[in-house]
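1. Quick one, what's the 3D model for this:
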Amino acid sequence: MAKGAKERWLKNNYASVKVSIRQDIVHAFRKACNERQQSQESILKNAMIDYVDMEIPHNDKGFETNNKNDKRGKRRKNVADIISELEQVLNAEEIYCDGIPDNFVNRKGESEEAIEKLTEAINILSEIY
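-> Below you'll find the predicted structure:
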């Protein structure tokens, strides 16, 4: 889209909101948004939507706008994050399993089954993207 066309489209479809807020609040808000990997715009937009009790707008493909899974790249990253979490859980379970005395047969079996299922889940998720 040409620069002029984009500017006209933005002017026809969006409005700016200008507010003055104490700097300490703004800095804390920006820091929280960065830590949570969320845009300031999406947080403020959702607060406005909640305040006026409005339905969340959807794009022409049926996704919520600013949905964290609306683009394939975002879904790929989210699945990679889930895999990373599962790998950490798997690692902790393996350490736990190694420390179980041999006479605790039930605990050892349950832990080994958990390790097997976690490994299977990680492999399945890894194959998706």
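
2. Where does pLDDT dip in the chain?
-> 1, 56-68 (pLDDT under 70).

3. Specify the residue ranges that define each domain of it.
-> The chain breaks down by automatic domain parsing into domains covering 3-51, 72-128.

4. Packed most tightly, which of those would that be?
-> Ranked by mean neighbour count, these are led by domain 72-128 with a mean of 12 (mean count of other C-beta atoms under 10 Å). (C-beta placed from N, C-alpha, C; glycine too.)

5. and the end-to-end length of that domain?
-> The first residue of domain 72-128 is 11 Å away from its last residue (C-alpha to C-alpha, to the nearest Å).

6. which element follows the helix or strand hosting Arg76 toward the C-terminus?
-> Arg76 is located in helix 72-98, with elements delineated by DSSP states H and E. Downstream of helix 72-98, the first helix or strand assigned by DSSP H and E is helix 105-128.

7. same for that following helix, what does it pack against?
-> helix 72-98 (3 or more C-beta pairs under 8 Å, 6 or more residues apart in numbering; DSSP states H and E).

8. Quickly note the distance from the nearest residue in space to Glu87 that is not next to it in sequence to Glu112.
-> Nearest residue to Glu87, sequence neighbours excluded (C-beta to C-beta, 6 or more residues apart in numbering): Ile122, at 6.3 Å. Computed with C-beta to C-beta, to the nearest Å, the distance linking Ile122 and Glu112 is 16 Å.
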